[in-house]
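[1] heads up, no residue letters with this:
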Ligand code: PEP
């Protein structure tokens with residue numbers, strides 16, 4: 001179901017006490033507020049259970065940053081979708097550009113990760129987006145189409161309806177460069193069109209599409225006001241409770 005979501009991707013930041021303080025800070029500042037979006041925090045795996053404990057008592061939902069493509073077994077260092085489910089982690093980022101780049105995750109592997117999450121009733125936040133060179137060569141639509149087709153379009157309509165997509169132009173991640181509202185809207189409308197073609201217009205209208213890439217308290221309102229932008233995946237600006245909550249309140 002299409003809904004507004006603001007999700008914070010903490011990446012590999014913060015020690016335990018800081019993570020606990022940030023979670024508590026966000027939860028406290030949101031308490032009793034009328035919100036127009038779902039709020040998700042995605043801390044490092046080690047802190048997920050701490051976060052889900054907070055989530056029980058607040059509006060917060062919790063997401064992981066990665067998941068294994070296997071169910072269980074001899075995969076040292078990995079975390080399975082069933083494990084995420086067992087501590088009530090509802091979302092999981094899949095295919096973040098940092099995982100594509102540094103851990104060589106390709107669309108075929110990401111499709112398997114998506115499947116595992118859906119098997120265990122978790123919601124994948126599937127990331128796509130072009131690098132600067134691809135945009136400069138005007139290949140960005142083609143690149144995003146391939147990422148989505150290969151990572152998601154093996155799903156049937158029911159399965160697909162449980163997926164959230166985050167468009168994150170790689171040149172805008174952590175750089176301070178943001179896609180303009182027009183650029184973000186253009187890509188989001190394109191993605192919705194792909195979904196309509198593959199499934200149906202109704203399915204496309206019901207899909208949640210997030211924007212990510214240097215989104216902050218100053219630019220969130222304009223980005224989120226675009227017709228096809230249903231919220232954001234927030235990196236750096238999710239590490240300060242006050243700024244993250246301001247972004248949440250941009251809706
Ligand atoms: C991200 O890593 O998902 C992200 C959007 O980062 P930032 O907001 O820091 O650009």
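    Thanks, I have the structure now. The shown structure was predicted, so the numbers you read here are calculated from the model rather than taken from an experiment. Numbering: from 1, shown residues only.
[2] so what's the nearest residue to residue 4 once chain neighbours are set aside up against?
    Excluding the flanking residues, the one nearest residue 4 by C-beta to C-beta, 6 or more residues apart in numbering is residue 37, at 3.6 Å. All C-beta spots, glycine's among them, are computed from the backbone N, C-alpha and C. The contact partners of residue 37, taken as C-beta atoms under 8 Å, 6 or more residues apart in numbering, are 3, 4, 5, 6, 231, 248, 251.
[3] residue of the stretch 151-251 of the chain closest to the ligand, please.
    Per C-beta to the nearest ligand atom, the residue of the stretch 151-251 of the chain with the smallest distance to the ligand is residue 235, at 2.1 Å.
[4] for the closest residue to that residue other than its chain neighbours, give me its contacts.
    Ranked by C-beta to C-beta, 6+ apart and with sequence neighbours excluded, the top spatial neighbour of residue 235 is residue 9, at 5.1 Å. Residues in contact with residue 9 (C-beta under 8 Å, 6+ apart) are 42, 65, 93, 96, 212, 233, 234, 235, 238.
[5] repeat that for 6 Å
    42, 233, 235 (C-beta atoms under 6 Å, 6 or more residues apart in numbering).
[6] and the last one, how many neighbours?
    So the one you mean is residue 235. By other C-beta atoms under 10 Å, the residues close to residue 235 number 23.
[7] do the first one as well
    By the other C-beta under 10 Å criterion, the neighbourhood of residue 42 contains 29 residues.
[8] separation between it and residue 94?
    Distance, residue 42 to residue 94, using C-beta to C-beta, to the nearest Å: 11 Å.
[9] cool, residue 196 as well?
    The span separating residue 196 from residue 94 equals 22 Å under the rule C-beta to C-beta.
[10] for residue 101, same thing?
    15 Å.
[11] quick one, which of the two is more surrounded?
    Comparing residue 101 with residue 94 by other C-beta under 10 Å, the one with more neighbours is residue 94, at 31 against 11.
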